[in-house]
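A.B. asks: please work out how this folds:
(one chain, ligands or ions: 1)
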Amino acid sequence: MRIASLRQEAKNSWPSASSPPQVDAPPTSFRVIPIHEPIIPVFHYSGWVEAGINAGMVEKIFLSSDERPFPKTTLRYSFTQMKEFKNEFSWSKSRDESFQACLRQYYFNYYAYWNGWLDDAPLRTRQIYILKNLKTRQMWGGEKVHQCIERTMKNLQRGIPILDRDQIIAITLNRMRADFKSSKAKHYLQRPKSCALFEHEYDLGIPDELWKETAHNVEICLRNFYDSELFREMQGIPADRWLETEQFSYFMFEGVKIWVVMDCCFRSDHGITIIDWKTGTSTTQDNSIQLSCYALYVLGRWGIDPEGIKIIEYNLSTDTPKDFSVTWRNIEDIKGYIRGSIADMRFLLMDVEGNIPKDESLFKPVEDKRISDTCNFRKICKGR
Ligand code: SF4
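C.D. replies: Down below sits the predicted model:
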């Protein structure tokens, strides 16, 4: 009911001359909803905003809050126009990964979940929507680190003093405890945007030591970040050099919207520096597609040639920064990769213009048990 009333509220008040001015969009296009709760439950309300992002209707969404340990939060979003939500075709690295892993999983992730946030959604659609939002404990830990750093970066850019490192870590771990409790009690079944952990949904019986390991890794990542030379350098960056921090951005490629969310990006003496935080212990993962996408975006957005783009992939868990450079060849390669991936995805659409998929049966389930065992949709796909 709350979602329906928010939607109506937005319809009634757009455009609103009384909306507060923002730097990122014309003031008349903003709606602000104060949520008098801690930051985490806000995501409960953002299902249809997420749909709006997919539909190209919501341009920006960000959270802001005051600086107390348990902040009041404001959810802000801007509209480009009011229209019915539409599942618009777009491309992202995560979409491509799902497509490569399993076509049925891809179908669940990008089509079958649609409208699952509605109060009157069919049961299966609702369940797919809930399962889509599950994350493993490693993803959850990584998300917490990213959120924490994002907040610090944004405060830096706004000239707001940064809390003491240990205080930040204590707040983060407290939030994780709250998330854990909520997920364990499966509150996400009623509030699909609250924390939903894969291990709880599938009753995996993870021993306490492994949960503690996740929390410990978060603590290590945060300590390494706040003690790093890079963070010290970042504190000296003038406000007008910051470009984007965890912002949903896109560029158009041959008529298709390509989504990128860079952890952090700023102007430096040589051009533009992009930072990508990693929180896992693995050092073998190939991230070249993601990094090349960032470079392609930066090239189009700020007209910086590849030689002027520096990418730092910083593994916070092992405290290891790694520099990457991009060449024109990488740019051409990633364009070719995206073009091919889009063509493959479109092959499974019966209406390319309307982004209407072919029948579910044509999205073949994968036979690889290793993929299925860690798949969010196992329950409805394999019945286990
Ligand atoms: S359970 Fe396996 S086959 Fe089914 S959607 Fe997931 S990965 Fe694909």
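A.B. asks: tell me if I'm right that Ser292 and Asn330 touch.
C.D. replies: Yes: Ser292 lies in contact with Asn330 (CB atoms under 8 Å); the separation is 5.0 Å. (Each C-beta comes from the backbone N, C-alpha and C, glycine too.)
A.B. asks: between those two, point out the one with more neighbours.
C.D. replies: Just comparing Ser292 and Asn330: by other CB atoms under 10 Å the higher neighbour count belongs to Ser292, 24 against 18.
A.B. asks: could you check how far the more buried one is from Ile130?
C.D. replies: With distances taken as CB to CB, to the nearest Å, Ser292 is found 33 Å from Ile130.
A.B. asks: ditto for Arg232
C.D. replies: 42 Å.
A.B. asks: comparing the two, which residue is more hemmed in?
C.D. replies: For Arg232 versus Ile130, neighbours defined as other CB under 10 Å are more numerous around Ile130 (23 against 10).
A.B. asks: can you tell me the SS state at the more buried one?
C.D. replies: With DSSP: H, G, I helix; E, B strand; the rest coil as the basis, Ile130 sits in helix.
A.B. asks: gap between Phe253 and Ile168?
C.D. replies: On the measure of CB to CB, Phe253 and Ile168 end up 38 Å apart.
A.B. asks: can you check Pro161 too?
C.D. replies: For Pro161 relative to Ile168 (CB to CB), the value is 12 Å.
A.B. asks: between these two, who's got more neighbours?
C.D. replies: The neighbour count for Pro161 versus Ile168, taken as other CB under 10 Å, is higher for Ile168 (19 against 8).
A.B. asks: quick one: secondary structure of that one?
C.D. replies: Strictly by three-state DSSP, Ile168 counts as helix.
A.B. asks: okay, now the residue of the stretch 151-300 of the chain found nearest the ligand: neighbour count?
C.D. replies: Distances between the stretch 151-300 of the chain and the ligand by CB to the nearest ligand atom are smallest at Tyr202, namely 11.3 Å. Neighbourhood size, Tyr202 [other CB under 10 Å]: 16.
A.B. asks: my guess is it contacts Phe377. True?
C.D. replies: No: taking contacts as CB under 8 Å, Tyr202 lies outside contact range of Phe377: 11.1 Å.
A.B. asks: residues shared between the contacts of these two?
C.D. replies: With CB atoms under 8 Å, 6 or more residues apart in numbering applied, the contact sets of Tyr202 and Phe377 do not overlap.
A.B. asks: excluding its backbone neighbours, what's nearest the residue of the stretch 1-150 of the chain found nearest the ligand?
C.D. replies: Residue nearest to the ligand within the stretch 1-150 of the chain: Cys102 (3.3 Å; CB to the nearest ligand atom). Ranked by CB to CB, 6 or more residues apart in numbering and with sequence neighbours excluded, the top spatial neighbour of Cys102 is Val366, at 3.9 Å.
A.B. asks: burial measure for the one you found, as a count.
C.D. replies: Other residues close to Val366 by other CB under 10 Å number 16.
A.B. asks: so what's it scoring on pLDDT?
C.D. replies: The model reports Val366 with a pLDDT of 96.
A.B. asks: measure it to the ligand for me?
C.D. replies: Using CB to the nearest ligand atom, to the nearest Å, one obtains 5 Å as the distance from Val366 to the ligand.
A.B. asks: my read: that residue touches Ser372, true?
C.D. replies: Yes: Val366 is in contact with Ser372 according to CB under 8 Å; the separation is 6.7 Å.
A.B. asks: tell me the helix or strand right after the strand or helix carrying Phe225.
C.D. replies: Taking DSSP states H and E as the criterion, Phe225 maps to helix 208-227. Sequence order places helix 229-234 as the next helix or strand after helix 208-227, per DSSP H and E.
A.B. asks: so what touches that next one?
C.D. replies: By CB under 8 Å, 6+ apart, helix 229-234 touches Met153, Leu156, Phe225, Cys264, Phe266, Ile275, Ile312, Tyr314, Pro321.
A.B. asks: filter those residues to the buried ones?
C.D. replies: The neighbour count (16 or more other CB atoms under 10 Å) marks Met153, Leu156, Phe225, Cys264, Phe266, Ile275, Ile312, Tyr314 as buried among these.
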